[in-house]
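Undergrad: Okay, here's the prediction I keep looking at, along with the sequence it came from:
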Amino acid sequence: MKLIIYFRCFKGIVLREALRFVHQKERFFSALVRPLVWLGIFAAGFRSVLGVAIIPPYETYIPYEVYIAPGLIAMIQLFNGMQSSLSMVYDREMGSMKTMLVSPIPRWFLLCSKLFAGVFVSILQVYAFLIIASLWGIIPPISGYITILPALVVSGLMLGALGMFLSSAIKQLENFAGVMNFVIFPMFFASSALYPLWKIEETSEWLYYVCFYNPFTYAVESIRFSLYSQINLEYGIGIIVFTIIFLFLSIIGYDPGRGNLQKKGGK
Amino acid sequence: MHAALEIKNVTHKFGEFKALDKVSININPGDFTVLLGLNGAGKTTLYSLITRLYNNNTGSIKIHNFNVRENSSNALKNIGVVFQQPTLDLDLSVEENLHYHSALHGISTVDASSRISEEIGRIDLNDKLKSKVRSLSGGQRRRVEIARSLLHRPKLLLLDEPTVGLDIGSRQMILKHVKALCKKGDLAVLWATHLIDEIDKGEKVVIIHDGKIIESGDVSKVIKKTKQKNIREAFNKLVGIKT
């Protein structure tokens, strides 16, 4: 199959996702309001309670708002990834997922394109958030606005692939709502999004290990370092490994022979 | 000439439940074939196997000699599908939906635009091109789905209960349109239904019941073979419905 065919398919899937995003304005606003509430209310309340020592990539003491900004960016991507997979469960229940799956283009490519489309939308949301966050004084180096991009792509892919795998494993929309609670909240809270890992280690060692091996921590820290134009290899490699694992699982999940579609018998 | 669709000895199970049992069907180019069966007979499972939503673990399914499992890309290129559930994106316009489908088949935007205007003209919905799908009636949505399934010029059109839930006028219009498409060229059609009044004499019918093909052939021959007056009575007799 020619390369141009793949490109047209990719373009079509991204365009559809973008159009859906434009048509669903409330989705855009809710995606922005959520982290802004955390930033404006939660962070303001906690800044006096929590002191953050100087830790890389920061070179000086920072206000709490600055510390949680990367976590909130990852939160946008986490919600977007889950929402995107929620729409896949909906599409599958409603039937429109089938339209994509019966395309002659290989299924792995279709799923990857769908993932990239979701990441593209999440990046738009992140940049909108960064613009508004600058009003709170969260202003990274100018180069950070560019160097954050690769981290956003990889973390978006990882969280999207996780959502896609969950969507393949879940039978009905109602079940998915439950999984959201069991995935989103534990992932977010048991990570370095709201508090640094060393602080967690001081409180509880086992919780520290939970947070340390939580894929979401790798997304948060990759974003944090890249926002300050730095690379942390440990987190960088970790996030790529998690992305490959989740992507592999989601492609298997949607494989007509081995996957969960077959087991579910018709959904 | 290769068969448009050749299914040989396909059995499919969901756990212990046998949804299809040694199914074999042959459809030639230009044939309009009705797959007739009650709800739950195995029609949708069969369609899912033909379109490779599931893999067939036994037997073989070929579309114009391309095996669906081994050469799925070429096989799927030749299939147009209208699923039982509506599959249009309600929040997008008719045109956006059709462009999306064209992209999924790797058709260029320019080429897609000309094909869209041709197909949309054929179903007489030119004025609805920019409308959101949500604003269309059930019958109009179905017609758009048929137009969409033809955009990539398939040689086999699969329709899974396409007229369920539609009023009589829309049903007749859709049935007439698909039969006309079939007569015009080499397009083969497999039309799954449980509505017996959608079958005309002179057409081909495949009767499926509890996952098994219990009769197939020309409608008139099936009527004759079962010694009944019409296809409804023949069907009732074959599946054991007492009237």
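TA: Done, it's in.

Undergrad: What's the nearest residue in chain B when you look at chain A?
TA: Relative to chain A, the nearest point of chain B is residue B:103 (2.0 Å; CB to the nearest CB). From N, CA and C alone the C-beta is placed, and that goes for glycine too.

Undergrad: do you know how far that residue is from residue B:157?
TA: 20 Å (CB to CB, to the nearest Å).

Undergrad: Residue A:160 too?
TA: Taken as CB to CB, the span from residue A:160 to residue B:157 is 34 Å.

Undergrad: between these two, which one's more packed in?
TA: More neighbours surround residue A:160 than the other of residue A:160 and residue B:157, with 32 against 22 (other CB atoms under 10 Å in any protein chain shown).

Undergrad: Contact partners for that one?
TA: A:80, A:81, A:84, A:85, A:115, A:118, A:119, A:122 (CB atoms under 8 Å, 6 or more residues apart in numbering or on different chains).

Undergrad: Nearest to chain B among these?
TA: The closest of the contacts of residue A:160, once distances to chain B are taken by CB to the nearest CB, is residue A:84, at 14.4 Å.

Undergrad: mind listing what the closest one touches?
TA: A:17, A:114, A:118, A:121, A:160, A:163, A:164.

Undergrad: Same check on residue A:132?
TA: A:32, A:36.

Undergrad: what does the model give the residue in chain A positioned nearest to chain B for pLDDT?
TA: With CB to the nearest CB, the shortest gap between chain A and chain B falls at residue A:12, namely 2.0 Å. In the prediction, the pLDDT value recorded for residue A:12 is 94.

Undergrad: any idea what sits nearest it, other than its immediate chain neighbours?
TA: Once flanking residues are discounted, residue A:12 sits nearest to residue B:103: 2.0 Å by CB to CB, 6 or more residues apart in numbering or on different chains.

Undergrad: What's the local residue count around the one you found?
TA: Neighbours of residue B:103 using other CB under 10 Å come to 26.

Undergrad: would it count as being in a helix?
TA: Yes: counting by DSSP: H, G, I helix; E, B strand; the rest coil, residue B:103 is located in a helix.

Undergrad: Would you check that it makes contact with residue A:7?
TA: No: taking CB atoms under 8 Å as the definition, residue B:103 is not a contact partner of residue A:7, at 9.7 Å.

Undergrad: Can you verify residue B:58 is assigned to a strand?
TA: No: counting by three-state DSSP, one finds residue B:58 to be coil, located in no strand.

Undergrad: ok, which stretches of chain B are strands?
TA: B:5-14, B:17-27, B:32-36, B:60-63, B:66-67, B:79-82, B:156-160, B:188-193, B:204-209, B:212-218 (DSSP state E).

Undergrad: what residue ranges in chain B score low on pLDDT?
TA: B:243 (pLDDT under 70).

Undergrad: Now do the domain split for it, please.
TA: B:1-78+B:154-172+B:183-243, B:87-153 (automatic domain parsing).

Undergrad: ok, residue 113 - how many residues close by?
TA: You didn't pick a chain, so chain A it is. For residue A:113, using other CB under 10 Å, the count is 23.

Undergrad: wait, I meant chain B there
TA: Other residues lying near residue B:113 total 15 when counted by other CB under 10 Å.

Undergrad: Now do the same contact list for it.
TA: residue B:99.

Undergrad: Any figure for the gap between it and residue B:99?
TA: 8 Å.

Undergrad: cool, residue B:1 as well?
TA: 33 Å.

Undergrad: and if you look at residue B:242?
TA: Residue B:242 is 51 Å from residue B:99, by CB to CB.

Undergrad: So, low pLDDT: which residues of chain A?
TA: A:1, A:48-54, A:59, A:93-95, A:171-176, A:256-267.

Undergrad: Just give the nearest non-adjacent residue to residue 193, would you?
TA: If you meant another chain, say so; for now it's chain A. residue A:71 (2.7 Å).

Undergrad: Let me rephrase: I mean chain B.
TA: residue B:161 (5.8 Å).

Undergrad: Also residue A:75?
TA: residue A:35 (5.7 Å).

Undergrad: Ok, residue B:196 next?
TA: residue B:232 (4.7 Å).

Undergrad: How many residues are close by that neighbour?
TA: What residue B:232 shows, counting by other CB under 10 Å, is a neighbour count of 15.

Undergrad: Residue B:195 is in contact with that one, correct?
TA: No: with contacts counted by CB under 8 Å, residue B:232 stays clear of residue B:195, the gap being 10.4 Å.

Undergrad: Throw the domains of chain B into JSON lines and include distance to residue A:206, thanks.
TA: As requested, the domains of chain B are arranged in JSON lines below (distance: least, CB to CB, whole Å):
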{"stretch": "domain B:1-78+B:154-172+B:183-243", "distance to residue A:206": "39"}
{"stretch": "domain B:87-153", "distance to residue A:206": "45"}
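
Undergrad: closest one to residue A:188 among those?
TA: domain B:87-153 (28.6 Å; CB to CB).

Undergrad: For the residue nearest to residue B:57 when sequence neighbours are not counted, give me its contacts.
TA: With CB to CB, 6+ apart as the criterion, residue B:57 has its nearest non-adjacent residue at 7.1 Å, and that residue is residue B:12. Contact analysis of residue B:12 by CB under 8 Å, 6+ apart lists B:18, B:19, B:20, B:45, B:49, B:54, B:56, B:57, B:58, B:211.

Undergrad: Would you reformat these as CSV and include neighbour count?
TA: CSV is the format used below for the contacts of residue B:12 (neighbours: other CB atoms under 10 Å in any protein chain shown):
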residue, neighbour count
B:18, 15
B:19, 23
B:20, 25
B:45, 23
B:49, 25
B:54, 21
B:56, 25
B:57, 13
B:58, 13
B:211, 22
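
Undergrad: Tell me the one of those nearest residue B:71?
TA: Among these, residue B:56 lies closest to residue B:71 (CB to CB), at 13.5 Å.

Undergrad: What distance do you get for the closest one to residue B:187?
TA: 24 Å.

Undergrad: Just give the number of residues close to residue A:146.
TA: 11.
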